[in-house]
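Q: everything below, folded, please.
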Amino acid sequence: YTLSLHDALPILLAPLGASNISISGGIIDGGNLTGNRGIYFSGVSMFQIDAVTLQNFGADGTRVGGSDVIQVDHGSTPRIFTRCKINGGAARGIWLATSGIKNIVSDCESTAVNEDGVDCDESTSSSVVKFCYLHDNIRYGIFIEQSASHNLALGNVCNNDHSYGIGCYNNSATPCRRAA
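A: Okay, the predicted model is just below:
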């Protein structure tokens, strides 16, 4: 089944506080419109998004705010993304702005997005990005930033990303124990 974007709302939007959500299979097509998200969950907990293709959320050449293909913030664990494919977006592929919530991103592919394939942002911690293919993105394959801590990037292939495959930035707010 294919869902197509026809207005300025996310295609899949769950109500604040929703939980126990499972989405499996299908195609979400952004119609090459910018300023839109394919999936936006805020304050949602206990969900899995599996084997969904999200495509055509704008050209990767120019960043457009509000064009993150998947954006997730707040809520509680577990939050699981498996076997998803993202192709084309004017911002991030998967944006985890989760302030310490644990996430699992496994066996996903993200290509041709303006920023990062997967962005672990806003103090995201204890999350795992594993066995993903993150390639041909404008910034990084995986970007871990803003006091994010205890995250694991394992077995990912990050090819032809314009900055680097994996970037870590602005971790100065995270306490660091010195080795004795």
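
Q: CA atoms for contacts and neighbours, from now on please.
A: Fine.

Q: for the residue positioned nearest the centre of the chain, give the beta-bridge partners.
A: For the chain, the residue nearest the mean C-alpha position is residue 94 (1.1 Å; CA atoms, centre = their mean). Beta bridges link residue 94 to residue 70, residue 118 when assigned by DSSP bridges.

Q: would you confirm that residue 93 contacts residue 67?
A: No - counting by CA atoms under 8 Å, residue 93 sits too far from residue 67 to count as a contact (9.1 Å).

Q: residue ranges with poor pLDDT in this protein?
A: Residues of the chain meeting the criterion pLDDT under 70: 1-2, 5-10, 170-180.

Q: can you map out the helices along it?
A: Ranges of helices in the chain, per DSSP state H: none exist.

Q: give me the phi and psi for the residue nearest to residue 43 when sequence neighbours are not counted.
A: Spatial nearest neighbour of residue 43, chain neighbours left out: residue 75 (3.8 Å); criterion: CA to CA, 6 or more residues apart in numbering. Backbone geometry at residue 75, expressed as degrees, to the nearest 10, gives phi 90, psi -160.

Q: quick one: residues contacting residue 75.
A: 17, 42-45, 98, 101 (CA atoms under 8 Å, 6 or more residues apart in numbering).

Q: so residue 93 and residue 67 - more neighbours on which side?
A: For the pair residue 93 and residue 67, the greater number of neighbours falls to residue 93 (36 against 25), based on other CA atoms under 10 Å.

Q: ok, the closest residue to the more buried one other than its chain neighbours - contacts?
A: In this structure, residue 93 finds its nearest non-sequential neighbour in residue 117, 4.7 Å apart by CA to CA, 6+ apart. The contact partners of residue 117, by CA under 8 Å, 6+ apart, come to 92-94, 109-111, 134-135, 137, 140-143.

Q: just residue 166 next, same as before
A: Applying CA under 8 Å, 6+ apart to residue 166 gives the contacts 140-144, 158.

Q: recalculate using a threshold of 6 Å.
A: 140-143 (CA atoms under 6 Å, 6 or more residues apart in numbering).
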